[in-house]
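Visitor: sequence unknown, structure follows:
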């Protein structure tokens, strides 16, 4: 089978990781992947290195009929069997291409936990008639989608999986790069700097933790990986809170595995998360995780068993949780073990790839 993944921007987010993980398991094995994209981003070269053919397709808006016509021609030229889309714009364009005569199966994955406007909900009920299946990445997204569409038959829950073998490195150089000794505890977060990712909440929690932390025998640093529109303002906020010296803002990095394997604790502080791929990547690396209960994250973490789960904007709980993990090696080891076993047994990439392939083949 020939599968065309349609995506506007080949950036470095969770959706691109999702496609890349599927490609690792399925491309040139059970099927052949193609990617049609509008804007070239950080993941472009990674996809090319997997041998995926990249096809430029400008897409200006969900109702871009010119793009729909071009998509139809692309599918005909490459004998595409299935278009797999990941956001509303691309899904609508694929649907319009089918209305125009494109003889392909349409599958959409809903990655987001955002509630649509009333007019978009109505439009989606009409447009999704043309989708063979809609994959949801968590029960939280499934519930939102059922409320939006009012039916179940097209919706398929397939948890995003991780391959632990891809995340454990024997050699890392991140600490050397930033001259951090091996005794310093590193707390890491990987998230784009946008409002819903909760960086302001985290910085205020760090400030409170610093104020109350009285163990002079332990040094710690925070590694905040990512770029985005709020990066500069968060750097300034860290200076205003007098915690800048405790934080390394790395900007965009493509060596996430290297950074995670150099770290001791992972923190997710989002207001909303459809699922939490970054959490699973951290667990696959063997890191204990602190996360907000922000949607799909509660389907990964059981508080006190596989990690620490707390409410968004609960600065005191976040501060106390980070402080306790920094100072308690046994607790870190406990969450490291239970989190890794969870990924290995429940959220394994082989299961995700197998279930997705079965939908392709159905």
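Guide: Nice, I can see it. In this text, all values refer to a predicted model and were calculated from it rather than measured experimentally. Numbers count the residues shown, from 1 in each chain.
Visitor: contacts, neighbours, all on C-alpha from now
Guide: Noted.
Visitor: list the buried ones in stretch 253-262?
Guide: Neighbour-count burial for stretch 253-262 flags 256, 257, 258, 259, 260, 261, 262 (criterion: 16 or more other Cα atoms under 10 Å).
Visitor: dump those into JSON lines; add pLDDT, secondary structure and distance to residue 333 as well.
Guide: Below are the buried residues of stretch 253-262 laid out as JSON lines (pLDDT from 0 to 100; DSSP: H, G, I helix; E, B strand; the rest coil; distance: Cα to Cα, whole Å):
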{"residue": "256", "pLDDT": "92", "secondary structure": "helix", "distance to residue 333": "21"}
{"residue": "257", "pLDDT": "93", "secondary structure": "helix", "distance to residue 333": "19"}
{"residue": "258", "pLDDT": "95", "secondary structure": "helix", "distance to residue 333": "20"}
{"residue": "259", "pLDDT": "96", "secondary structure": "helix", "distance to residue 333": "18"}
{"residue": "260", "pLDDT": "96", "secondary structure": "helix", "distance to residue 333": "15"}
{"residue": "261", "pLDDT": "95", "secondary structure": "helix", "distance to residue 333": "14"}
{"residue": "262", "pLDDT": "96", "secondary structure": "coil", "distance to residue 333": "15"}
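Visitor: quick one: those residues as TSV, columns for distance to residue 1 too.
Guide: What follows is those, written out as TSV (distance: Cα to Cα, whole Å):
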residue	distance to residue 1
256	31
257	31
258	34
259	36
260	35
261	36
262	40
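Visitor: tell me which of those is nearest to residue 98?
Guide: Top of the list for closeness to residue 98, among those and by Cα to Cα, is residue 256 at 38.0 Å.
Visitor: residues contacting that closest one?
Guide: Taking Cα atoms under 8 Å, 6 or more residues apart in numbering as the definition of contact, residue 256 has no neighbours.
Visitor: between the buried residues of stretch 253-262, which is closest to residue 170?
Guide: Within the buried residues of stretch 253-262, proximity to residue 170 (Cα to Cα) peaks at residue 261, which comes in at 8.4 Å.
Visitor: wait, isn't the closest one in contact with residue 175?
Guide: No: because the distance of 10.1 Å does not satisfy Cα atoms under 8 Å, residue 261 is recorded as not touching residue 175.
Visitor: residue 95 belongs to a helix?
Guide: Yes: secondary structure of residue 95, determined by DSSP: H, G, I helix; E, B strand; the rest coil: located in a helix.
Visitor: that one reaches residue 130, doesn't it?
Guide: Yes: counting by Cα under 8 Å, residue 95 touches residue 130, with 6.4 Å between them.
Visitor: overlap in contacts of the two?
Guide: Common contact partners of residue 95 and residue 130 (Cα under 8 Å, 6+ apart): residue 106.
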